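generate coordinates for the sequence data below:
(chains A and B)
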Number of protein chains: 2
Amino acid sequence: MIADPKLLGIDLGGTTTKFAIMRPQGEIQQRWSIQTDVLNDGNNIIPNIIDSINHHLQLYQMSAKQFQGIGIGTPGSVDYQTGMVDSAFNLNWDRPMALKEQIELHTNIPVQVENDANVAALGERWLGAGKNADNVAFVTLGTGVGGGIIINGQIVHGQGGSAGEIGHMTINPQGYRCTCGKRGCLETVASATGIVHVARDYAQEYAGDSELKASLDNGDDLTAKDVFDLAKQNDPLALKVTHVVCDQLGLALSIVAVTINPQYIIIGGGVSNAGDFLLQRVRESYNRYVFSSVKKTTTLTLATLGNEAGVIGAASLILNK
Amino acid sequence: MIADPKLLGIDLGGTTTKFAIMRPQGEIQQRWSIQTDVLNDGNNIIPNIIDSINHHLQLYQMSAKQFQGIGIGTPGSVDYQTGMVDSAFNLNWDRPMALKEQIELHTNIPVQVENDANVAALGERWLGAGKNADNVAFVTLGTGVGGGIIINGQIVHGQGGSAGEIGHMTINPQGYRCTCGKRGCLETVASATGIVHVARDYAQEYAGDSELKASLDNGDDLTAKDVFDLAKQNDPLALKVTHVVCDQLGLALSIVAVTINPQYIIIGGGVSNAGDFLLQRVRESYNRYVFSSVKKTTTLTLATLGNEAGVIGAASLILNK
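All right, here's what the predicted structure looks like:
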C-alpha cells in the first residue's frame, strides 16, 4: 500500500498539454500546462512531457513510487492496450508513436493511454455531470462532434476502436456532405462548423429582417457562438437555425438512448457553452423522438467540467484499469 | 465440482414453452416443449413449468444437483436481478409474477430470468452467427422489432432495462404512427406488420403492373413473406417496398454500429427468413450510411439458430452470471 497515493492525468492537445496531480478520491492537488510543440514532426512532444513530469515531481518533492499511474488522453487513433498512437494529425504524428512505452521508461510510472473524447467522457462521468453513474454517453460538440460510451463503468471501445463515433452517425441521408466522405453525418449540422454551415444555407432562402442574415451577407467571419447569441436575442433566422441544429441533435441522442439506455447523456464541447438555451431545445426534440420508457430513465444534461474533463478523465484511467 | 454439469434453458412463449438440457460446452442433450396455458390469468404457467422440469429430470434419471442453473427467457418487463416478471400480456400476466423464486423453490436449482429478445441475442452470440464474439448487437424482425446488445460478453440492460429497444428508434420523424405513440419508429417499417403497411402505402400510388398491387387491391391477407417472395420474382412494386424496408433497416443498423461498433450485428426473427435477398439489400444501404472505420470492423449477418436461439440463450444465462 502506498501512503497518500496519487494519479497523474495528462490531456495532450494540439496547442496545450495539461497536467493534473490528483488523489484517487477526486481532489486535484496540483495542475500545470505546457505548450505542445508540434514542430520537428511532433518529435519533441513526448520528451517535453517526460521533462515536465520529472521537473514537477522534483518541484513538489514527490517520488514516482507515490503514483498509481499516469493516464493520458490524446487525439489520433489509439491502441489502448499497447499505448501506441497513430494518425494524430494535429500533433503532426502520422506514424505510430510509443507514447506509453516512452513515458513509462523515463518516469518509472505505469501509463494508460486513451482517445481524448473517451477521456473527456470518463472525466464528466467521474466528477462532472455523470455523477459516477455506471452507464453514461458523452457527446462533445466542438470543431467536430465526438463521443464516448461508458457501460458498467468502462469505456466501450468496440471491435475497431470506433464505438462512440456519434458525430458520424447518418442523421439525414439527404444532408450535407461530411469530411468523412458520407452525407448527413450529425457532425455536419451539430459541430461548430456545421452550425455555421446550416446558418449560411438557411440564410440563402431567408428574406426577412435578421442581423444574422445581414452579417452573413456582409461576409463576416461568423462562429457558432454568434449564431446562438443572436438566437438568444430572438433573431428570427438564428432561431430557425438553432431549431434545426437542436432538433437533429435531439433526434441523434434519442437513438443513442434507445440503443444503450444510459443514465445520463452529457453534452459537452465548446458549442455546449450555449447552455440552457441549447439544452432546453435539444430536450424538447429528444422528448418527442425517444421511446417513452427510455425518456423516464435517460436524462440529457450539460457537461460541467469544461476544459478540466480531459485531465480528470485521464487520471481516472488509472482507477478504471 | 459437479461431474458432467448441465444447464437447463427455457424459452417461455405465448403459445409454446421450450426446454433444452445442455452441457456448458454448448451441446444440446435433451429437448422438449409444452403448450403454454395462458388461461386462468396465466396462473398455470409456472406450476406447469415446474411439473415439466421435475418430470423430465426423473425421466432422464438426472438430479437437481447436476444442474448449474436454469435460465429462462420470457416476454414482458423483467427485473433480471429479482427474477420478477410484469406486463407479459401474451402470458396474461398483468401483475408481478415470481418466476425465479417459484421455480427455485420447487426444483432446488438456481434460476436466472431475462427478457426474451436479450436471451435470443445471447443464444445467437454463443452458438449462432455471433461466433462467441465479445460485442454483438442482435435485431429481431417479427410482429414487432426487438433487440439485444451484448458488450464484453454481457447483456446491456441500461438504466431502465430498455437498452436494445432498437425497434423504437425514430428512423423517420415524418414516418408512420407507431403503437408506442411515437412516429417513425423502425418497427413501423421493418417489422412483419410494418412491411405490409409500407406495401399498402406504396400500392396506393402505384400505377404499373404488379401482382402485389393486384393482390392488395383484391383485399388478400398479405404477409411480409408474400412481399419478399414477390420481390424475389421481380414484382416491381414488391421490389420498391423491399428497397424502402431494407434501406431504413440499413440506416438504423449503421447508427447502432457507430454507437457501439460491435463485431457482428445479427438480423433474426421471422422476416430474416427472406435470407440473402434481405441481407444483401440491407448491407448495401448499411455500407452507404456507415462510418468507414466502422464498416471495416462491424459485420452484418443473418441469425443461424432460428427458433432454438431462445433455449440456447436462456441456458447461457447461467454461463454469463
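
now the stretch 51-200 of chain A against chain B: closest residue?
residue A:158 (2.5 Å; Cβ to the nearest Cβ). Glycine gets a C-beta too; all of them are placed from N, C-alpha and C.

neighbours of that residue, just the number please.
25 (other Cβ atoms under 10 Å in any protein chain shown).

got the confidence number for it?
What the model reports for residue A:158 is a pLDDT of 95.

quick one, what contacts it?
Counting by Cβ atoms under 8 Å, 6 or more residues apart in numbering or on different chains, residue A:158 makes contact with A:164, B:135, B:260, B:261, B:262, B:294, B:297, B:298.

can you tell me the helix or strand for the residue nearest to the first one when sequence neighbours are not counted?
It stands for residue A:164. Nearest in space to residue A:164, with sequence neighbours left out and distances taken as Cβ to Cβ, 6 or more residues apart in numbering or on different chains, is residue A:147 at 4.1 Å. Assessed by DSSP states H and E, residue A:147 sits inside strand A:145-151.

who does that strand pair up with?
Partners of strand A:145-151 in the sheet, by DSSP bridges, are strand A:136-141 (antiparallel), strand A:154-155 (antiparallel).

rank those strands by mean pLDDT and give me the bottom one.
strand A:154-155 (a mean of 94).

what does that one contact?
For strand A:154-155, contacts defined as Cβ under 8 Å, 6+ apart pick out A:80, A:114, A:118, A:121, A:122, A:148, A:149, A:320, B:152.

now the residues you listed in TSV, with pLDDT?
Formatted as TSV, the contacts of strand A:154-155 follow (pLDDT from 0 to 100):
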residue	pLDDT
A:80	86
A:114	96
A:118	96
A:121	97
A:122	97
A:148	97
A:149	97
A:320	70
B:152	92
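
closest to residue B:59 out of those?
Of all these, residue B:59 sits closest to residue B:152, with 38.4 Å by Cβ to Cβ.

OK, contacts around the closest one?
A:151, A:152, A:154, B:134, B:135.

a markdown table please, covering the contacts of residue A:158 and showing pLDDT.
Shown next, in a markdown table, are these (pLDDT from 0 to 100):
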| residue | pLDDT |
| --- | --- |
| A:164 | 96 |
| B:135 | 97 |
| B:260 | 97 |
| B:261 | 97 |
| B:262 | 98 |
| B:294 | 95 |
| B:297 | 96 |
| B:298 | 98 |
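
make JSON lines out of those and add distance to residue B:70, secondary structure and neighbour count.
Formatted as JSON lines, the contacts of residue A:158 follow (distance: Cβ to Cβ, whole Å; DSSP: H, G, I helix; E, B strand; the rest coil; neighbours: other Cβ atoms under 10 Å in any protein chain shown):
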{"residue": "A:164", "distance to residue B:70": "36", "secondary structure": "coil", "neighbour count": "27"}
{"residue": "B:135", "distance to residue B:70": "27", "secondary structure": "coil", "neighbour count": "23"}
{"residue": "B:260", "distance to residue B:70": "30", "secondary structure": "helix", "neighbour count": "29"}
{"residue": "B:261", "distance to residue B:70": "34", "secondary structure": "coil", "neighbour count": "26"}
{"residue": "B:262", "distance to residue B:70": "28", "secondary structure": "coil", "neighbour count": "28"}
{"residue": "B:294", "distance to residue B:70": "38", "secondary structure": "helix", "neighbour count": "26"}
{"residue": "B:297", "distance to residue B:70": "36", "secondary structure": "coil", "neighbour count": "17"}
{"residue": "B:298", "distance to residue B:70": "33", "secondary structure": "coil", "neighbour count": "29"}
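
among those residues, which one lies nearest to residue B:209?
Among the contacts of residue A:158, and counting by Cβ to Cβ, the member closest to residue B:209 is residue B:298, at 39.5 Å.

may I have the residues that are in contact with the residue nearest to residue A:164?
A:117, A:121, A:137, A:138, A:139, A:140, A:164, A:165, A:166, A:167.

switch the cut-off to 7 Å
Shown in contact with residue A:147 (Cβ atoms under 7 Å, 6 or more residues apart in numbering or on different chains): A:117, A:137, A:138, A:139, A:140, A:164, A:165, A:166, A:167.

with residue A:146 instead?
A:117, A:140, A:167.

any stretches of chain A with poor pLDDT?
Scanning chain A with the threshold set as pLDDT under 70 gives A:1, A:321.

now with 80, please.
Applying pLDDT under 80 to chain A picks out residues A:1-2, A:320-321.

show me what from it comes close to chain B.
A:135, A:149, A:151, A:156, A:158-160, A:162-163, A:165-166, A:168-170, A:173, A:180-181, A:251, A:254-256, A:258-263, A:289, A:291-294, A:296-298 (Cβ under 7 Å from any Cβ of the partner chain).

at which residues are the helices of the stretch 51-200 of chain A located?
In the stretch 51-200 of chain A, the helices defined using DSSP state H, counting those that start in this stretch lie at A:99-107, A:116-127, A:187-190, A:192-204.

so which of those gets nearest residue B:93?
Of all the helices of the stretch 51-200 of chain A, helix A:116-127 comes closest under Cβ to Cβ, at 36.5 Å.

return the set of buried residues in stretch A:39-59.
A:42, A:45, A:46, A:49, A:52, A:53, A:56, A:57 (16 or more other Cβ atoms under 10 Å in any protein chain shown).

just the ones of these in strands?
Secondary structure from DSSP state E places none of the buried residues of stretch A:39-59 in strands.

how far does stretch A:295-303 stretch from start to finish?
19 Å (Cα to Cα, to the nearest Å).

would you mind giving the contacts of residue B:152 as a markdown table with distance to residue B:191 added?
Conversion of the contacts of residue B:152 to a markdown table gives the following (distance: Cβ to Cβ, whole Å):
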| residue | distance to residue B:191 |
| --- | --- |
| A:151 | 27 |
| A:152 | 30 |
| A:154 | 33 |
| B:134 | 29 |
| B:135 | 25 |
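
out of those, who's nearest residue A:315?
Distances from residue A:315 to the contacts of residue B:152, taken by Cβ to Cβ, are shortest for residue A:154, at 16.1 Å.

got the domain ranges for chain A?
A:6-122+A:309-319, A:131-304 (automatic domain parsing).

which one of those domains lies closest to residue B:209?
Between those, domain A:131-304 lies closest to residue B:209; by Cβ to Cβ that is 29.5 Å.

just give me how far stretch A:102-121 sits from the chain centre.
17 Å (Cα atoms, centre = their mean, to the nearest Å).

and stretch A:18-27, end to end?
16 Å.

got the contact list for stretch A:84-93?
Contacts of stretch A:84-93 (Cβ under 7 Å, 6+ apart): A:14, A:36, A:38, A:41-42, A:45, A:74-78, A:94-99, A:113.

much appreciated, bye for now.
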